[in-house]
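K.L.:
Below are the sequence and a predicted model; questions follow.
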Amino acid sequence: MLMEAWISASNDGLLPARRDLKPETLGAALPDLWLMDYEAGDGRLRYRLEGENIRARYDHSLVGKYLDDTLDPEARERVLRYFLACVQKPAISIVAGRLYHEWDKPGYGERLLLPFVNSDGLPEGLIGITICKQTFENRPIAEERAKRTTWILPLDGSEASEEAS
């Protein structure tokens, strides 16, 4: 649903701007969505909006917080790599399998990140969806039962990357 709405918001094959995406096209996906602004000057991403299911994963709201400030040190490099690739290349980033690995109770599911550009074609931010279908009792169980694969698919046709763990 998110991918279809994002493609529909594209203008003449160009990447969409956030303003081009119509919330009414997202329906049931809204609780699992989040929006981020990209600050090109310092290369940081800041949460602009979070759906109810995303908010429920945390003990505080993410809105207004920077992504790098919300990540545990062990996850920072890995997560920033695919989030920033989404806006800077630009690329579609996909994660399937173990999510929230650094937490006491990791989850299992899928994450999709899609870039937005402004009217000048420069990175504006991204929209993402995280569907977490299962929560494991602890990290060792999650590591035993669930692998994680991350794909970064550049939109310029250059070679995709894949990382499995």
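P.N.:
Thanks, I have the structure now. What you are looking at is a predicted structure, and each value in this text was computed from that prediction instead of being measured.
K.L.:
Low-confidence stretches in the chain?
P.N.:
Within the chain, the ranges that satisfy pLDDT under 70 run 100-105, 136, 141-142.
K.L.:
In it, spot the helix with the most residues.
P.N.:
helix 73-88 (DSSP state H).
K.L.:
for the helix or strand following it, packing partners?
P.N.:
Using DSSP states H and E, the helix or strand that follows helix 73-88 in sequence is strand 91-99. Contact partners of strand 91-99 among helices and strands, from 3 or more CB pairs under 8 Å, 6 or more residues apart in numbering; DSSP states H and E: helix 73-88, strand 107-117, strand 148-154. For glycine as for every other residue, the C-beta is placed from the backbone atoms N, C-alpha and C.
K.L.:
What is the end-to-end distance of stretch 59-77?
P.N.:
23 Å (CA to CA, to the nearest Å).
K.L.:
Could you give the separation of that stretch from the chain centroid?
P.N.:
12 Å (CA atoms, centre = their mean, to the nearest Å).
K.L.:
I would like the residues contacting that stretch, please.
P.N.:
Residues outside stretch 59-77 that contact it (CB atoms under 8 Å, 6 or more residues apart in numbering): 34, 36, 44-50, 54-55, 58, 79-80, 83, 101-103.
K.L.:
now these: which count as buried?
P.N.:
34, 36, 44-50, 54, 79-80, 83, 101, 103 (16 or more other CB atoms under 10 Å).
K.L.:
closest to Ser10 among the residues you listed?
P.N.:
Met36 (18.9 Å; CB to CB).
K.L.:
Under a three-state scheme, what state does Glu162 occupy?
P.N.:
Secondary structure assignment for Glu162 (DSSP: H, G, I helix; E, B strand; the rest coil): strand.
K.L.:
Could I get the contacting residues of the closest residue in space to it that isn't next to it in sequence?
P.N.:
Distances taken as CB to CB, 6 or more residues apart in numbering place Trp151 nearest to Glu162, at 5.3 Å, with adjacent residues excluded. Taking CB under 8 Å, 6+ apart as the criterion, Trp151 is in contact with Ser93, Ile94, Val95, Ala160, Ser161, Glu162.
K.L.:
For the protein, give the strand that spans the most residues.
P.N.:
If you go by DSSP state E, the chain has its longest strand at strand 123-135.
K.L.:
for that strand, packing partners?
P.N.:
The contact analysis (3+ CB pairs under 8 Å, 6+ apart) places strand 123-135 against helix 2-9, strand 33-39, strand 44-50, helix 52-57, helix 73-88, strand 107-117.
K.L.:
Can I get these in a markdown table including distance to Ile131?
P.N.:
Output for the helices and strands packed on strand 123-135, formatted as a markdown table (distance: least, CB to CB, whole Å):
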| stretch | distance to Ile131 |
| --- | --- |
| helix 2-9 | 10 |
| strand 33-39 | 10 |
| strand 44-50 | 14 |
| helix 52-57 | 8 |
| helix 73-88 | 16 |
| strand 107-117 | 5 |
